[in-house]
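> Test case, fold it:
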Amino acid sequence: MRILLTGICGFVGSVVARTLREQLAGSEVVGLDNLVRPGSEINRRRLREAGFRLIHGDIRLPSDLEGLPRCDWIIDAAANPSVLAGVDGKTGARQLVEHNLVGTLNLLELARRWNAGFILLGTSRVYSIAALCTIPLVSLPDRFAPDPAATLPGLSAAGVTESFSTTPPLSLYGSAKLASEVMALEYGAAFGFPVFINRCGVMAGAEQFGKADQGIVSFWIRSYAARRPLRYIGFDGRGRQVRDCLHPADVAPLLVSQMRAGQTADLPRIVNVGGGLASSFSLAELSAWCADRFGRHSIDTDLTPRPFDVGWLVLDATLAQTAYGWQPVRTRDAIFTEIADHAVRHPEWLPLSED
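Residues are numbered from 1 along each chain as shown. A predicted model of the protein is given here:
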């Protein structure tokens with residue numbers, strides 16, 4: 001089996017590529033990347049040394065896809081992953097849509113011509129910001145938590161389920177990814193190839209070039225270790241907003257299960273893929289963990305709300321667990337430790353993330 005993996009030189013793509021090769025004996029992973037992200041050249045060198053076939057190309061350009069070798073599956077991991085993209089003054093709205101929707105459409109056309117299966121690595125940010133903000137929260141000393149008495153469609157005791165509202169506003173980023181989901185499902189139904197969509201939570205791991213708006217766990221731990229300025233933004237300035245984290249190596253077994261399932265009709269096509277409550281953390285809790293590891297460091301406060309931030313978003317991944325037997329292996333603290341160890345060995349990665 002041959003697999004085309006887009007965005008292979010990004011953090012998620014490079015980890016998934018290595019893990020897939022370990023778990024799919026005899027398979028070939030062909031990587032495509034436009035090499036625009038910080039650190040992509042580092043990953044390209046490592047992947048080449050490991051024997052991966054890498055192609056420099058951009059999924060926004062159909063001509064860059066014309067000469068690719070025919071593959072059995074396409075895994076789309078190429079995206080602008082920032083929820084602030086299109087409104088932060090760094091990336092234009094049209095550029096965001098070209099990356100996160102037009103690029104996916106070009107890959108779907110490729111899947112149609114090849115009759116290849118298609119897997120989209122999506123995002124939890126397809127869930128409605130307005131609906132997320134209606135979740136009644138209680139204020140605990142170091143985190144927010146949903147009111148146990150609250151009832152809201154799509155909210156379970158384990159977190160946000162796949163049936164939670166996806167009504168805009170989502171952010172331009174989330175809307176482009178949601179539109180990609182719809183088009184992927186339509187292409188699969190119209191042209192008869194299998195499609196799977198994985199709504200991923202916060203990805204985190206040692207070799208991530210994190211920023212404040214993407215890769216927050218890596219950014220926070222590396223900045224804390226380097227004694228760089230850090231701020232709690234909005235939400236009363238105490239860092240109690242909560243997310244869950246997931247290591248991309250734990251995503252690969254789910255991808256293997258989906259590729260083996262193919263067109264099996266009774267399996268869900270859209271699933272949440274996150275660490276859940278067990279891997280959830282607030283920024284205040286992450287800071288406390290860093291203080292234990294590196295010593296105390298002061299955190300500033302900025303009460304100004306930031307666009308698209310939410311107080312609590314934890315994914316309920318029960319559907320992926322029951323349908324595919326999938327569950328993450330790496331714990332929250334194991335992920336934190338992996339990042340911290342790497343930060344100590346490679347302090348030069350933090351400046352690279354800021355480029």
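> how about low-confidence regions in this protein?
353-355 (pLDDT under 70).
> quick one, helices of it?
11-23, 40-49, 62-65, 93-97, 103-114, 129-132, 172-191, 216-225, 252-261, 283-294, 318-324, 332-345, 349-353 (DSSP state H).
> quick one, which of these is nearest to Val242?
Distance to Val242, taken as Cβ to Cβ, is lowest for helix 283-294 among those, at 8.5 Å. To be clear about C-beta, it is placed using only N, CA and C from the backbone, and glycine gets the same treatment.
> okay, the closest one in PDB with CA atoms only?
The C-alpha coordinates for helix 283-294 follow below in PDB (Å, rounded to 0.1, in the frame of the first residue of the first chain):
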ATOM      1  CA  LEU A 283      -2.700  27.200  31.700                       C
ATOM      2  CA  ALA A 284      -2.500  27.600  35.500                       C
ATOM      3  CA  GLU A 285      -2.000  23.900  35.900                       C
ATOM      4  CA  LEU A 286       0.600  23.800  33.100                       C
ATOM      5  CA  SER A 287       2.500  26.700  34.800                       C
ATOM      6  CA  ALA A 288       2.400  24.800  38.100                       C
ATOM      7  CA  TRP A 289       3.900  21.800  36.400                       C
ATOM      8  CA  CYS A 290       6.600  24.000  34.800                       C
ATOM      9  CA  ALA A 291       7.400  25.500  38.200                       C
ATOM     10  CA  ASP A 292       8.000  22.100  39.700                       C
ATOM     11  CA  ARG A 293      10.300  21.300  36.800                       C
ATOM     12  CA  PHE A 294      12.100  24.600  36.200                       C
END
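> Identify each buried residue in it, please.
Within helix 283-294, the residues that count as buried by 16 or more other Cβ atoms under 10 Å are Leu283, Ala284, Glu285, Leu286, Ser287, Trp289, Cys290, Arg293, Phe294.
> so the second one touches Arg238, yeah?
Right, Ala284. Yes. With contact defined as Cβ atoms under 8 Å, Ala284 counts as touching Arg238 (6.1 Å).
> joint contacts of those two?
Residues touching both Ala284 and Arg238 (Cβ atoms under 8 Å, 6 or more residues apart in numbering): Tyr232.
> show me what contacts the closest residue to Arg125 other than its chain neighbours?
In this structure, Arg125 finds its nearest non-sequential neighbour in Gly174, 4.0 Å apart by Cβ to Cβ, 6 or more residues apart in numbering. Gly174 sits next to Val83, Thr123, Arg125, Val126, Tyr127, Ile129, Phe308 when contact means Cβ under 8 Å, 6+ apart.
> could you dump these to a markdown table with neighbour count and distance to Val242?
Output for the contacts of Gly174, formatted as a markdown table (neighbours: other Cβ atoms under 10 Å; distance: Cβ to Cβ, whole Å):
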| residue | neighbour count | distance to Val242 |
| --- | --- | --- |
| Val83 | 23 | 16 |
| Thr123 | 27 | 17 |
| Arg125 | 24 | 15 |
| Val126 | 25 | 19 |
| Tyr127 | 25 | 14 |
| Ile129 | 21 | 15 |
| Phe308 | 19 | 16 |
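> could the residues you listed go into a markdown table alongside distance to Arg18?
Below are those laid out as a markdown table (distance: Cβ to Cβ, whole Å):
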| residue | distance to Arg18 |
| --- | --- |
| Val83 | 27 |
| Thr123 | 22 |
| Arg125 | 26 |
| Val126 | 27 |
| Tyr127 | 30 |
| Ile129 | 34 |
| Phe308 | 32 |
